[in-house]
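>>> build me a model:
(3 chains)
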Amino acid sequence: MSKSKLAVSLFILSEANFFALLIIAYLYFHAYPGEGPTAATSLNAYRTGIFSIFLFASSATMMLASRSYRAKSSAAFGWLIATLVLGGIFLFGQVREYMELYASGVTANRSLFATTFFTLTGFHGLHVAVGLLAIAAITILTGVGTLGTSAREADAFGSVEIYWHFVDGVWVVIFTIVYLWAFL
Amino acid sequence: MSDIAASDRIAELEANPERIGFLSWVASVDHKQIGIMYMLSALFFFGLGGLEALIIRAQLAMPGNHIVTPDTFNQLFSMHGTTMIFLVVMPVLAGLTAYVIPLMVGARDVAFPRLNAFSFWVQLFGGVLLYFSFVAGGAPNAGWFSYAPLSEPAYSFNNGVTYWILGLAGVGVGSLAGAINMAVTILKLRVPGMTIRRLPLFCWMTLVNSFLMIFALPVINAALVLLLADRLLNAHIFTPAFGGSAILWQHYFWGFGHPEVYIMILPAFAIISEVIPVFAGKPIYGYEFVAGSTVAIAFMSFAVWAHHMFAVGLGHLFDLFFGISTMAIAVPTGIKIFNWTATLYQGRLRFTTAMKFAVAFIVMFTIGGLSGVSFAVVPLDWQLTDTYYLVAHLHYVLFGGAIFAIFAGIYYWFPKMSGRMLDERVGNWHFWITFIGFNLTFLVQHLLGMMGMPRRVFTYPDWPWWMTLNMISTIGAFVLLISVIVFLWNIVSSLNHGEIAGDNPWDAWTLEWATSSPPPVENFDLVPPVHGRRPLWDLKHPERADELVAAAAGK
Amino acid sequence: MSAAAHNLIWAWDFDPSIVAGCAALLGVYAIAHRRDFSRAGWFVAGVVAMFLALVSPLDALADTYLFSAHMLQHLILVLVVPPLMILGISPRFARIVLDVPAFARLERILGNGIVAWAVGMATLWVWHAPYLYNATLADEDIHIFEHLCFLVSATIFWWPILAPLERSRLSPMHAVIYLATAAVANSVLAILLTFARPGLYPAYLDPPDPLKILPMVRGGWGLTPALDQQLGGLLMWIPGGMVFLGAVVWVIARWYASAEDNGLRIAAVH
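Below you'll find the model as predicted:
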């Protein structure tokens, strides 16, 4: 493994623990909810589920982008754009969800569910946004043709890819726990 | 691209051999300069944290004293603890590591030089932010572990705890980036021939410690984020009155806090494992066990945190399990103590100042370790927790342990960093004053704790012996002040007039001693071949190189 | 001896499927290792541990009375039995099996570190979801299926660590990370169980009492439902974690004993 990929993997190991801790806080107050809105009363699992599909699809397009890039195919640029769009749609869905929750009075201080929910999904959203910035950077470099295929450049591409799959994988866990579990 | 920029920078520095300009330090991505800046920042905060300790001791010298108000006292001990842990011990170890590791593995720099600079500056600004709280309405006053709900806005209404959160987040991010950097450096940049099993123990333990940080730091970051939500967004995660859980904070904090103890002590072990063999004139006894037990310690450090919470009332079962796991973690630590003493046994000992600090470390740390094991006995813990016995224990671990090891490391590597030797005669004075001052300050605190004096009280009644013992402790603290002045004098005068060190003044055998002192920007002209664990020894004694000796012993 | 203690001690249930299953395992082992019984001790110990976990009074306690007993049973099935059985397999036999292309392909897929880790940990987590766990308590067939899942997934999990052939195993560094992260996943689940609201698995709140031992369990041993659930979580957390630690130490010890990458001995040759 190259040194940049190794560094990103170690970073991901750390981030996975960070999310695990936020998930534990969420689950703890899922078991001891207290007063105020809960997941079951405030979330719309169907709509978030649909937006989630866009995020999961973006992992697939990222994989295709990486494959085209390694094959030195110009299709890489298109797949990167697709990844950006899909990730952007997910983020848009999250913003919309937040705005609706806000409009219906579910804010971070309303209940323990709300605090842990916004902390957990908010940090995930932040990670998505950072990932999109990184992808945008390699998209632009690919678009203007400055991203070559030397080992170091391929590592940069690969590192972004690893990070993006991680962000996606975390959402599988969060979506299952926060949205699906609430209705089981 | 960063590599190109870094090499431009290096070329530029080569053109200016003095490397003394302000900008050449601030803009530096050279691991040696960053390492030194880490250590200087730690020294600065060591002064501040020490000053706070002296005011605390002056206040406690006599019963009924009124040098400071109770609220100031709370701020002082909170800042003292936070400073010493996050702004002194961690950065100075990070600095030593950043300086030594690339040299030890025969690399030109760390894996990511710019990330290294980022780590340093982020942690420095974390510290500055923490101290900015003094002028922004008051320093944090809820102790270094900021127990909720005391740290909640309802009880801590100045912004101190908020600054504490932000400052620690800065230190946390910097340390994490540093840990990743060191792990990658050790795993990827070793010279050919240096397999993992030939890695110097300093690198071994730094590697394990990096993984410890990678796993432990996100725990405090998550807790800080949640506390920040409580403080700034009026949430109630940690306020029981609104359905939150104060104990959750304790679990989170100690889930980080106990590994943190090992984050501070593993690098100290690492220093000792280099210093002792060199000055005992023989290879470390049981290299494999020293390395392997480090992994076991790192692993177990995550399974013992609730022993900080025996007094909470989590239930007998809980106490039972964590009491046992706490006793168990003493085993791998004991293995190390055994290995160091066995290395000393029948060695040709050279009692340099570094060696004196290293040997004192073994004794002081063993005392601290044993008082630590006594806390694993739950009823004893109920009696002694949050008394001065605990204060004594943690200082034996962190001062008698970590700081003594750091002094050993500084005396050992200072010649490499500066090109000049620290004065041994002044060093001898420094050692003995530190040793006496330290034990004067903290040994009596065991007794105070057993007599029932609680920690964190701003004053106490005039009960038999309390004043005498507290006075001894305060005198000890001022002896320590003298020792620090002696140390600083030694550094300043040796930098100007010290004996020229040469490449390898200690006759040591790891790669950093194969280059000039101080090393050139690119570290090595030529890295010597590595066929064993002691490359320079092998060069010097080709006829009895390590591998031949070991092979003969094994057959 | 009280009547309750007597009832419990004699509550052995030699379920024919278990007796037959264990006998079959031993038989297959004996045939496969005809000439080489040097490692048989490990394998037999594994089968005996499994047999005891499933037929002894522990099983009676686990099925009806105590979550903590059930946890202990699962820990044996996941952390004790598969490692012992894998250690019992001789390299010669492993080589014969893995020379069959189909098995080799299967091993390449399941023996991948990430796959094996995910299979092992996911199985552990999924079966502790209250909905599924309660189903196993209500229906014996599902329960048997659960135990089989544990045994198979744990065998997959431990294979990359303990496999008889060097080439099937992870490198020491990867193995330590593999085990450390698994211990984290195991601990997080255990922590959730320890701190969960009592009655996560309601069958243990007010069990039927076929053996007439409930007063002894609740009164004599002091295991209230809340305490019982906490004990279960703690067993998984601390002793369970210690098994992972033991495996880490094992990996390191084996690495030290191995000749390759041993800087000292290789260098001595030239």
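>>> so how many other residues sit close to the closest residue to chain B within chain A?
Nearest to chain B in chain A, going by Cβ to the nearest Cβ, is A:Gly34, at a distance of 2.8 Å. From N, CA and C alone the C-beta is placed, and that goes for glycine too. Neighbours of A:Gly34 under the rule other Cβ atoms under 10 Å in any protein chain shown: 14.
>>> wait, a strand at it?
No. Looking at A:Gly34 with DSSP: H, G, I helix; E, B strand; the rest coil, it is coil, so not inside a strand.
>>> so what pLDDT did it get?
Looking at A:Gly34, its pLDDT reads 82.
>>> and it, how far from A:Leu112?
Using Cβ to Cβ, to the nearest Å, we find A:Gly34 at a distance of 5 Å from A:Leu112.
>>> overlap in contacts, the two.
Counting by Cβ atoms under 8 Å, 6 or more residues apart in numbering or on different chains, the residues touching both A:Gly34 and A:Leu112 are B:Gly243, B:Gly244.
>>> run through the neighbouring helices and strands of the lowest-mean-pLDDT helix or strand in chain A.
Sorting the helices and strands of chain A by mean pLDDT, DSSP states H and E puts helix A:39-42 at the bottom, at a mean of 86. Contact here means 3 or more Cβ pairs under 8 Å, 6 or more residues apart in numbering or on different chains; DSSP states H and E; on that basis helix A:39-42 packs against helix A:112-143.
>>> any idea of the mean pLDDT in the helix it packs on?
95.
>>> what of stretch C:142-157?
Mean predicted confidence for stretch C:142-157 is 95.
>>> residues of that stretch that come out buried?
C:Ile142, C:His143, C:Glu146, C:His147, C:Cys149, C:Phe150, C:Leu151, C:Ser153, C:Ala154, C:Thr155, C:Ile156, C:Phe157 (16 or more other Cβ atoms under 10 Å in any protein chain shown).
>>> any idea how far that stretch is from the chain center?
9 Å (Cα atoms, centre = their mean, to the nearest Å).
>>> just stretch B:230-248 next, same as before
32 Å.
>>> so what's the residue lying closest to the residue of chain A closest to chain B once chain neighbours are set aside up against?
Nearest residue to A:Gly34, sequence neighbours excluded (Cβ to Cβ, 6 or more residues apart in numbering or on different chains): B:Gly243, at 2.8 Å. Counting by Cβ under 8 Å, 6+ apart, B:Gly243 touches A:Phe29, A:Tyr32, A:Pro33, A:Gly34, A:Glu35, A:Leu112, B:His236.
>>> and which of these is nearest C:Ile252?
Comparing the contacts of B:Gly243 against C:Ile252 with Cβ to Cβ places A:Phe29 closest, at 39.5 Å.
>>> could I get the average pLDDT for the host helix or strand of that closest one?
Secondary-structure assignment from DSSP states H and E places A:Phe29 in helix A:3-31. If you average the pLDDT over helix A:3-31, you get 93.
>>> quick one: it to chain centroid distance?
13 Å.
>>> flag every buried residue along that helix.
So helix A:3-31, judged by 16+ other Cβ under 10 Å, has buried residues A:3-30.
>>> and for stretch B:498-517?
B:498, B:501, B:504-506, B:508-515, B:517.
>>> returning to what we had before: show me what contacts the residue of chain A closest to chain B?
Taking Cβ under 8 Å, 6+ apart, we find A:Gly34 in contact with A:Ser111, A:Leu112, B:Phe242, B:Gly243, B:Gly244.
>>> please report the distance of it from chain C.
13 Å (Cβ to the nearest Cβ, to the nearest Å).
>>> can you tell me the SS state at C:Leu223?
Applying three-state DSSP: C:Leu223 is coil.
>>> now the residue nearest to it when sequence neighbours are not counted, what are its backbone angles?
In this structure, C:Leu223 finds its nearest non-sequential neighbour in C:Val217, 5.6 Å apart by Cβ to Cβ, 6+ apart. Per-residue torsions, C:Val217: phi -60, psi -50 (degrees, to the nearest 10).
>>> and the gap between C:Val217 and B:Ala148?
For C:Val217, the distance to B:Ala148 - Cβ to Cβ - is 37 Å.
>>> report how many residues lie close to residue 79.
By default, I'm working from chain A. Neighbour tally, A:Trp79, other Cβ under 10 Å: 23.
>>> correction: the question concerned chain C.
Neighbours of C:Leu79 (other Cβ under 10 Å): 23.
>>> likewise the one 10 residues further on?
Using other Cβ under 10 Å, C:Ile89 has 21 neighbouring residues.
>>> who's in contact with B:Thr343?
Taking Cβ under 8 Å, 6+ apart as the test, what B:Thr343 contacts is B:Ile276, B:Pro277, B:Ala280, B:Lys282, B:Pro283, B:Ile284, B:Tyr285.
>>> for ChimeraX, write a command that selects the buried ones of those residues.
Selection of buried members from these for ChimeraX, criterion 16+ other Cβ under 10 Å:
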select /B:276,277,280,283,284,285
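>>> which of the contacts of B:Thr343 sit farthest apart?
Farthest apart among those - using Cβ to Cβ - are B:Ile276 and B:Pro283, which lie 10.6 Å from each other.
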